[in-house]
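**Student:** predicted structure and sequence below. I'll ask about it afterward.
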Amino acid sequence: MKLLSFIESGLQQILPDRADFSARGSIKPALPIFKFLRLTLSALFIILAMASAVPPGLAATDGKVSGTFIQLNRANASWPVERWKNLFKNMQNIKIDTVIIQWSAEEPVLYFKDKDLPFNEQYDALERLMEAAQGFDLSIFLGLQNDPAYWNEITGRDKVLRDYFLVRRAKNEHLQASLLNKFGNRANWAGYYIPDEIDDLSWRENKRRDIFKNYLKQTIESIRNKDAKRPIAISAFFRTRTAPSVFTNMLFNLTDNIGLDYLLLQDGAGNNDPPLDVTPMYYRALSAKGQERAPEIWIVLEAFRQTSGQIKEFSAEPARADDFLRQIQVTDGFKRRILFAFPDYVDPDLGPAAQALYKILGGHYCPPEKQE
């Protein structure tokens, strides 16, 4: 009941100023709407409760987690080949076969060597990572250039936003050309990842959404002009500030007919927004919209729990094993599940907390018995 009250409170804040909800009718009959929602949500939670009665471990083994993000930074940029090999061996043991490098560059850092690119700091991290991956039958998606100022830049006015995206596209065109020159013949380079994440708040207005959609479409076309075969992926996330139907409609509007292959949907568990018992509402809305259309949706399981506040430098720890198992269980119906992120929170070499998550993915987790 507390959860239902929470959702009702949130909807009361959303309904008055959300055109998506009110376009087809008046907002006045709120009471019948909330009664309907109570019945619908009650039925949903009963279904979820029944699903949670499935023996632990069954959902984890039936719905394999088969990929992970790797976020390059100055700390792991100097890892030797052997350390990457050890990481990939641990991944192979639990059948993780897909790696998504979140970005290959992030000003002022370039994570491979190219004297023709204007980066002050350059590391040969990708060279060593790609060398280490040989023999592990991994499919590697290479991320393009990340902009740490992205979230601030996309708040600009329309003209500023258009100009910003023109610059973003030009930078990524140069970076892609360099990646192709360096790694183009690597059989394990499977695809591209665009680091510009889609959120649930920034693109609600039609005009701004069109600007962003045009940028994504042109970026994808530019990538394919140089490399027609490798697929392209991007991430999205949602928060409880946006109703499931509103987010779903916006997301499909943005990604429809732009040539995108994979849409990676973050589950938000890392900072408990949305809460795990609310997340299935969004999954159901996405499934109802149609899973057979492009792009194919993969779920990103956040294997961390944030321990820092919003204004502090980010810090996190591995999720509790039981919570992580529930994350996997509620994603039934989606084709693939991707970790964020194995090297930071699931690698068994990190210690007991990560080992517990690793055991879940290996099908060897035994939940603790409940105390009487």
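**Tutor:** It's in.
**Student:** can we go C-alpha only for contacts and neighbour counts from here?
**Tutor:** Noted.
**Student:** name the nearest residue to residue 108, sequence neighbours excluded.
**Tutor:** In space, and not counting its chain neighbours, residue 108 is closest to residue 119: 5.5 Å by Cα to Cα, 6 or more residues apart in numbering.
**Student:** did I read that right, the one you found in a strand?
**Tutor:** No. Applying DSSP: H, G, I helix; E, B strand; the rest coil, one finds residue 119 to be coil, outside a strand.
**Student:** next one: phi and psi at it?
**Tutor:** phi -120, psi 130 (degrees, to the nearest 10).
**Student:** show the pLDDT at it.
**Tutor:** In this prediction, residue 119 carries a pLDDT score of 96.
**Student:** what sits against it?
**Tutor:** Listed by Cα atoms under 8 Å, 6 or more residues apart in numbering, the contact set of residue 119 reads 107-110.
**Student:** okay, it and residue 142: tell me how far apart.
**Tutor:** Between residue 119 and residue 142 the distance, using Cα to Cα, to the nearest Å, works out to 18 Å.
**Student:** do the same with residue 201
**Tutor:** Taking Cα to Cα, one finds residue 201 at 27 Å from residue 142.
**Student:** of the two, who's got more company?
**Tutor:** Each of residue 201 and residue 142 had its neighbours counted (other Cα atoms under 10 Å), and the higher figure belongs to residue 142 (26 against 14).
**Student:** check for me that the more buried one belongs to a helix.
**Tutor:** No. Counting by three-state DSSP, residue 142 is located in no helix; its state is strand.
**Student:** contacts only, for it.
**Tutor:** Taking Cα under 8 Å, 6+ apart, we find residue 142 in contact with 100-104, 189, 191-193.
**Student:** which regions of the stretch 1-150 of the chain lie under the pLDDT threshold?
**Tutor:** 1-63 (pLDDT under 70).
**Student:** all strands for it, in order.
**Tutor:** In the stretch 1-150 of the chain, the strands defined using DSSP state E, counting those that start in this stretch lie at 65-70, 98-101, 105-106, 109-110, 121-122, 139-143, 145-146.
**Student:** now distance to residue 88 too, for the ones you listed, in JSON lines please.
**Tutor:** Formatted as JSON lines, these follow (distance: least, Cα to Cα, whole Å):
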{"stretch": "strand 65-70", "distance to residue 88": "11"}
{"stretch": "strand 98-101", "distance to residue 88": "10"}
{"stretch": "strand 105-106", "distance to residue 88": "22"}
{"stretch": "strand 109-110", "distance to residue 88": "22"}
{"stretch": "strand 121-122", "distance to residue 88": "24"}
{"stretch": "strand 139-143", "distance to residue 88": "12"}
{"stretch": "strand 145-146", "distance to residue 88": "24"}
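**Student:** and residue 333, which of the ones you listed is closest to it?
**Tutor:** strand 65-70 (12.9 Å; Cα to Cα).
**Student:** so how far is that closest one off the chain centroid?
**Tutor:** How far strand 65-70 lies from its chain's middle: 10 Å, per Cα atoms, centre = their mean, to the nearest Å.
**Student:** how about stretch 276-292?
**Tutor:** Counting by Cα atoms, centre = their mean, stretch 276-292 is centred 15 Å from the centre of its parent chain.
**Student:** now that stretch - C-alpha only, CSV.
**Tutor:** In CSV, the C-alpha atoms belonging to stretch 276-292 read as follows (Å, rounded to 0.1, in the frame of the first residue of the first chain):
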residue,chain,number,x,y,z
LEU,A,276,12.9,-2.7,-8.0
ASP,A,277,9.2,-3.4,-7.4
VAL,A,278,8.3,-0.5,-9.8
THR,A,279,10.7,-1.3,-12.6
PRO,A,280,8.5,-4.1,-14.1
MET,A,281,5.9,-1.5,-14.9
TYR,A,282,8.3,0.1,-17.4
TYR,A,283,9.3,-3.3,-18.8
ARG,A,284,5.7,-4.2,-19.4
ALA,A,285,5.1,-0.9,-21.1
LEU,A,286,8.0,-1.5,-23.4
SER,A,287,7.0,-5.0,-24.2
ALA,A,288,3.4,-3.9,-24.9
LYS,A,289,4.8,-1.4,-27.4
GLY,A,290,6.4,-4.2,-29.4
GLN,A,291,9.7,-6.1,-28.9
GLU,A,292,9.9,-7.3,-32.5
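**Student:** cool, thanks, talk later.
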